[in-house]
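J.: this one's structure only:
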């Protein structure tokens, strides 16, 4: 009976949830972000959109070592022109195809806000990031 109880306790300890140490969101390892919401703004008004309608990838990889944003399949990329860390935030900026973009990632929560600006409007994106 004791052997059965000891085995049960061991199995319980192995299967019980334990704290997971996540990689930091400081850019030292690649980051994966999921787009949660998209707002498309033109001529002074904004309306809710989808990643597909706004032609934004639903998942974005950030690789600071290579200074590159990319879609998960690698078909779309954008160079990262500037990075900065301040007060627990990772900030990124870049330009491509007559557009400017910027993103801020909270290193503690993984929340992400980004904008893509053009001469006739902007796209505002919220998302969540992890360092897998």
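T.: Alright, I've got the coordinates. Keep in mind that what you see is a predicted model, and the values were worked out from it rather than measured. Numbering: from 1, shown residues only.
J.: and the residue nearest the centre of this protein?
T.: Centroid-nearest residue in the chain, with Cα atoms, centre = their mean: residue 33, separated by 2.3 Å.
J.: could you pull out the helices for this protein?
T.: Secondary structure of the chain by DSSP state H: the helices cover 2-15.
J.: tell me which stretches of the chain form strands.
T.: 31-42, 45-49, 59-63, 68-71, 77-79, 82-86, 89-96, 99-106, 111-118, 121-130 (DSSP state E).
J.: who's in contact with residue 116?
T.: If a contact means Cβ atoms under 8 Å, 6 or more residues apart in numbering, then residue 116 has 56, 99-101, 122-123, 125 as its contacts. In this view, the C-beta of every residue, glycine as well, is placed from N, C-alpha and C.
J.: quick one: it and residue 87, what's the gap?
T.: 24 Å (Cβ to Cβ, to the nearest Å).
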